[in-house]
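**Q** when you get a sec, could you give me coordinates for this:
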Amino acid sequence: MVSALNDVTTGMSGLSGAASEVGASAKSLSASATTLAASSRALSATLQSKPPPAIDTSGLDMLASAADSASSSLGSSFSGLEAMTGGLNPASEAIKSQTDVVGSIPTAEAAAFGAIILLFLLTLLPLRLCSAVHCVVSPAMSLCVVVIWIVCGVLMVVAVVAADLCTDFRGNVVSIVRADPGLASIAPSARFYLQCDTMPSLSTNGTFFGFANSSVAALNQSAASVAELDSIKQHPAVTPADDAQIDQVQADFAALVASAADVRTKLRCEALNGPLNGIIDPLCVTFLADGFVPYWALQLACAILLALVLIIK
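**A** Predicted coordinates:
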């Protein structure tokens, strides 16, 4: 069970780290988009101030709008990702702090059970030899059995709830997210990252990855406008300083495209689905299938012992 909990915390840390990488890329993209929008508008204003013939700056205006759109779209995506993964680090730390406690429970219960067996043997002494021991030990033994049964009963409830959830963990989590009004907006993303490894054709509409794809596509559509800026350099009123400004806009655009592509890469299925599986598999396989075996064995032993006590009494 301790091993399973350690694997779960490792998976949580991995998912949190993946989200942090997306955050760093998103911040870089936001900075690049802001820079491109500013340089595009500045160049547009400069060119519009030139004497006739007028220079068409509609492409620059569209480029600035595309930069703003990319920043806004991916910024909202990262906000949603933060909402979905924001509690992972505190939860991981809480689990780590309790891992030693959880690991010591089977040992403590085994010791208690050993004590119960000893008490049981003492109660079998002839009353004429040890009536005082019998009167004290018998209630103590019963109390120990009751405590162990209560602990195992609580664990049984946990195991049943977890087992029900794990029968279709991915589908159940998606249903829970959809039912929460505060999380409904990230339900498509939750479904995508939970099921994309088993359903390759899953729609990306409304997902973080879909937003990233749309932003990259919008920027690629602006590439032609950026390439056409070179022709503006042939205008008689354009100066070397204007040429440098055009080169800067093109460089800013290239940086933004690279940042958007980096964000899209970090939002692909494999980037987040892998860490999610690192949480689900230990939780639903190792933790439930193997971790509770000592508890069920102890509960069965207690049941047998209690039956013997009732029969002998």
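
**Q** shaky segments in the chain?
**A** Within the chain, the stretches with pLDDT under 70 are 1-5, 73-113, 115-138, 140-142, 144-145, 148, 152, 287-299, 302-303, 305-313.

**Q** let's see it at 90
**A** Scanning the chain for pLDDT under 90 picks out the ranges 1-34, 36-37, 40-41, 43-240, 242, 256-257, 259-313.

**Q** need the helices for it, in chain order.
**A** 2-48, 58-85, 88-123, 127-166, 169-179, 187-195, 208-221, 223-227, 229-232, 240-266, 269-281, 293-312 (DSSP state H).

**Q** residue contacts, the residue nearest to Ile279 when sequence neighbours are not counted?
**A** Of all residues beyond its chain neighbours, the one nearest Ile279 is Gly11 (3.7 Å), with distances taken as Cβ to Cβ, 6 or more residues apart in numbering. Using the backbone N, CA and C atoms, a C-beta is placed for each residue, glycine as well. Gly11 makes contact with Pro275, Leu276, Asn277, Gly278, Ile279, Ile280, Pro282 under the criterion Cβ atoms under 8 Å, 6 or more residues apart in numbering.

**Q** from those, which is closest to Ala190?
**A** Ranked by distance to Ala190 (Cβ to Cβ), those are led by Leu276 at 9.5 Å.

**Q** and that closest one, how many neighbours?
**A** 24 (other Cβ atoms under 10 Å).

**Q** buried set for stretch 196-205?
**A** Cys196, Leu202, Thr204 (16 or more other Cβ atoms under 10 Å).

**Q** what's the span of that stretch from first residue to last?
**A** End-to-end distance for stretch 196-205: 13 Å, by Cα to Cα, to the nearest Å.

**Q** can you list contacts of that stretch?
**A** So stretch 196-205 is in contact with Pro188, Arg191, Phe192, Gln195, Gly210, Asn213, Cys269, Glu270, Asn273, Asn277, going by Cβ under 8 Å, 6+ apart.

**Q** now the residue lying closest to Ser71 once chain neighbours are set aside: how far from Gln248?
**A** Using Cβ to Cβ, 6+ apart and skipping the chain neighbours, the partner closest in space to Ser71 is Ala33 (3.6 Å). As for Ala33, its distance to Gln248 is 15 Å (criterion: Cβ to Cβ, to the nearest Å).

**Q** before we move on, what about Ser69?
**A** 21 Å.

**Q** quick one, what contacts Arg178?
**A** Contacts of Arg178 by Cβ under 8 Å, 6+ apart are Ala184, Ala187.

**Q** and it, how far from Pro240?
**A** 58 Å.

**Q** what of Ala54?
**A** 21 Å.

**Q** wait, Ile246 sits on Ser40?
**A** No - using Cβ atoms under 8 Å, Ile246 is not in contact with Ser40; the gap is 10.3 Å.

**Q** between these two, tell me which one has more neighbours.
**A** Neighbours were counted for Ile246 and for Ser40 using other Cβ under 10 Å; Ser40 has more, 30 against 20.

**Q** show the contacting residues for the more buried one.
**A** Contacts of Ser40 (Cβ under 8 Å, 6+ apart): Leu60, Asp61, Leu63, Ala64, Ala67, Val249, Asp252.

**Q** apart from its chain neighbours, what residue comes closest to it?
**A** Ala64 is the one closest to Ser40 (Cβ to Cβ, 6+ apart), at 4.1 Å.

**Q** what about that neighbour, how many residues nearby?
**A** Neighbours of Ala64 using other Cβ under 10 Å come to 22.

**Q** what's the answer for Asn172, then?
**A** 14.
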